[in-house]
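Q: got a predicted structure plus its sequence, pasted below:
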Amino acid sequence: MQNFKCIVITLLRTSRSKFYVLSSMFFFLSSLAMAQEIRAPHVVLGNSFFEKLNPNAAEWNQISEQIIQMLPQNITTPSIFKTTVSQLKVKALHNNKWVAARLEWEDKTRDANVSLDHASDACAIQFPLKEMDKTSPFMGGKDFPVEIIHWKAIWQQDIEDHYQTVKDLYPNTYFETYQFGIQAATQVKNPISEPARKTPVEELVAAGFGTLTHQSVEDSFAWGSWENGKWTVVLAHKMTTRDPNDPVLKAGKNSLIAFAIWEGSSKNVGARKNYAPWIPLVLEAKK
Amino acid sequence: MPKVKNWQIGREMEYPYEDKRPKKQVAYVFDTNKCIACQTCSSACKTTWTSGPGQESMFWNNTETKPYGFYPKAWDVKLLKNLGEQTWEGDTYTGKTVFEEPPAGERIKGHLPAYEDYANPNVGEDEVFGLIEKGAFFGSVHNAWMFYLTRICNHCTYPACLAACPRKAIYKRDDGIVLVDQTRCRGYKECVKACPYKKVFFNMVTRTSEKCIACYPLLEKGEQPRCVQTCIGKIRLMSWLSKPGEAKEDNPLDYIVLIKKVALPLYPQSGTEPNVYYIPPVHVPREFLLQMFGPGVDEAIQTYKAVRSDPKLLAAFLLFGNTSKIITRFAYNEKEAIGFNEKGEEVVRVPFTEPFFEREMFDAKLQVYRHNTA
Ligand code: SF4
Ligand code: SF4
């Protein structure tokens, strides 16, 4: 099945009327992904489990794991042609108020810096906001937006340690006129440039390529840990919120979920990522 | 992909967006023959815009020595390599631009420099090409050469930085200025990789890309940018360039660039239609200049050398560095060149010949002797 999926992707890539093919094919594609599903059982847990996430919490031990094959993003430019993370292990659970997904993947290097020479490791999960069967897994589309919950290693490091400075990466830097400088992006409150960060997770909405838009985070948490060449990151989201740009997730009702992984030392950033299109997310009702 | 008209390469070319020239286009003329690499422009820009954390090795304006100077390292050697074979038939470029046939998965043919590539902005400074023949040093002319190339963002008509940004966080204003939207940029560095001139920079503290803003707060007040105002060699003029085919005889930039064609774009084969126009250095081997400024080089140098018998062109040249205001119209009489701003007000009057003063050796008022020796 995986091979077949690759053939479809190649076909999309080489097609001249890429978008026409794309729109008529993605149902097919997502149905291919239907081959597996992610089951999120109901577990009796206090909200603090989700609000203070621990990727290594014992509660995860009883949850069954799904192995997901990642694909290199080459539906749109800029792209990559070989996966830099080929497999993702996913577990999920919920407590009727919160749903959490635990992502685990192999990555020999922990990358939590950015510069011309560095890119940060990161991961994201995505949910459709409207009719599931009409929503493209590739950043959604006009009238059929998606919500993305994005965790970045560097954002977590900003909180755990300190906001990256030039000397962290290039200790011999010498400069004498800092006093005149302004930081434009920080001044205009670009969330990327927030020096006093409180969360490593960013909520975003998108309605097609190039439309990714930041939302102020209220309804998600994430935390990661890197040990022995492996990232384990838990992302949690409230199942229902008042925000129209949040998905409505209900126990007993199926949804879809998609994944993306960025590997920093391979300079993965933006569209240069590994992804897995829609996979059914089964939120099991309380037994 | 849409086709757009690029007058600098004499043909249509592929560009990801429709042809939409701005109402007016910010443009500059730099006379390489007058540049002494004093770096006043670089300092002016740096102290105005890029002296903060994350901008340590960032020079929106830099002045490098050709052929061995580069900032960042080897930027144009890599550009030329990426472009492949570059051929011209007359005034038509028959090679490929950075937009045409990019590698699989890329929007633009480009390269991302490493941090270290920005570490030596003065590399190659004052190094000459060739050996000075024995004895030539004491004679009059020798064949070794170098020249100074001062560079800022070209506020291209078809910016590669803009075309490469998957988020559309780079935009071109109605006055032609190209800006990175600091609220939307997410630091993907695609623009840094794409710009053929390497004039978008990555700030690792804000984690966004930054570039020359053409000093728009000054331009909006009718004043020329900092790097232009402060140039002590008076090599620079900034004004608004008309669309091709709509050149005005009395617009100094139109006259120099579009009518007299004495100033030429840098590496026009990139396809971005850069809007900083250089008067080529007259003493440099033609092959080198043809590669750098395109096929108009010989004619430009001829016109430049004949400027003494061309009072109108000379008048346009005299406007350089003599006022902080943007000159949109100029006139001249037997004695002077006169510049006017957008409102039609006279902003500068420059004599063709500087007045000559002879002073007494003894200054009676100050009761001092004036002499040349200490
Ligand atoms: S010179 Fe580079 S940064 Fe400036 S507009 Fe052109 S492509 Fe963009
Ligand atoms: S126009 Fe302004 S911002 Fe651009 S290089 Fe010159 S001084 Fe710097």
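A: That came through fine. Numbers count the residues shown, from 1 in each chain, chains lettered A, B, ... in the order given. Ligands and ions are numbered 1, 2, ... in the order given.
Q: for residue B:240, helix, strand, or coil?
A: Here residue B:240 is recorded as strand under DSSP: H, G, I helix; E, B strand; the rest coil.
Q: that one contacts residue B:27, doesn't it?
A: Yes: with contact defined as CB atoms under 8 Å, residue B:240 reaches residue B:27; the gap is 6.9 Å. Placement of C-beta: from N, CA and C, glycine included.
Q: which of the two has more residues huddled nearby?
A: Legend: neighbour count by other CB atoms under 10 Å in any protein chain shown for residue B:240 and residue B:27, higher for residue B:27 (26 against 20).
Q: quick check: next helix or strand after the helix or strand where that one lies?
A: Assigned by DSSP states H and E, residue B:27 belongs to strand B:25-31. Toward the C-terminus, strand B:25-31 is succeeded by helix B:40-49 as the next helix or strand (DSSP H and E).
Q: which residue is the nearest non-sequential neighbour of residue B:244?
A: residue B:7 (4.2 Å; CB to CB, 6 or more residues apart in numbering or on different chains).
Q: so what strands line up beside the strand holding residue B:27?
A: Paired neighbours of strand B:25-31 in the sheet (DSSP bridges): strand B:236-241 (antiparallel), strand B:276-279 (parallel).
Q: as CSV, these with mean pLDDT would be great.
A: What follows is the strands paired with strand B:25-31, written out as CSV (pLDDT from 0 to 100):
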stretch, mean pLDDT
strand B:236-241, 98
strand B:276-279, 98
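Q: closest to residue B:114 out of those strands?
A: Evaluated over the strands paired with strand B:25-31, closeness to residue B:114 peaks at strand B:276-279, with 25.5 Å, by CB to CB.
Q: now do that closest one: distance to the chain's middle.
A: The chain centre lies 5 Å from the centre of strand B:276-279; the measure is CA atoms, centre = their mean, to the nearest Å.
Q: next, the angle from the strand holding residue B:27 to helix B:40-49.
A: Counting by axes from the mean of the first three to the mean of the last three CA atoms, to 10 degrees, strand B:25-31 lies at 140 degrees to helix B:40-49.
Q: what about strand B:25-31 and ligand 1, any contact?
A: No: using CB under 6 Å from any ligand atom, strand B:25-31 never reaches ligand 1; the gap is at least 10.3 Å.
Q: enumerate the positions of that strand that are buried.
A: By neighbour count with 16 or more other CB atoms under 10 Å in any protein chain shown, strand B:25-31 contains the buried residues B:25-31.
Q: stretch B:130-137 now?
A: For stretch B:130-137, it's none, nothing buried (16+ other CB under 10 Å).
Q: now do the end-to-end distance for stretch A:98-113.
A: Using CA to CA, to the nearest Å, the end-to-end distance of stretch A:98-113 comes to 30 Å.
Q: what pLDDT, on average, does it get?
A: Summarised as a single mean, pLDDT over stretch A:98-113 is 98.
Q: with stretch A:268-281 instead?
A: On average, stretch A:268-281 scores 97.
Q: CA atoms only for that stretch - export them in PDB, please.
A: What follows is stretch A:268-281, C-alpha atoms only, in PDB (Å, rounded to 0.1, in the frame of the first residue of the first chain):
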ATOM      1  CA  ASN A 268      14.000  21.000   7.200                       C
ATOM      2  CA  VAL A 269      11.900  24.200   7.600                       C
ATOM      3  CA  GLY A 270       8.500  25.300   6.400                       C
ATOM      4  CA  ALA A 271       7.300  23.200   3.400                       C
ATOM      5  CA  ARG A 272      10.500  21.200   3.500                       C
ATOM      6  CA  LYS A 273       9.100  18.600   5.800                       C
ATOM      7  CA  ASN A 274       8.000  15.000   6.300                       C
ATOM      8  CA  TYR A 275       4.200  14.500   6.400                       C
ATOM      9  CA  ALA A 276       1.500  11.900   6.700                       C
ATOM     10  CA  PRO A 277      -1.900  12.900   5.200                       C
ATOM     11  CA  TRP A 278      -5.200  12.300   6.900                       C
ATOM     12  CA  ILE A 279      -5.500   9.300   9.200                       C
ATOM     13  CA  PRO A 280      -8.900   8.500  10.900                       C
ATOM     14  CA  LEU A 281      -8.800   9.500  14.600                       C
END
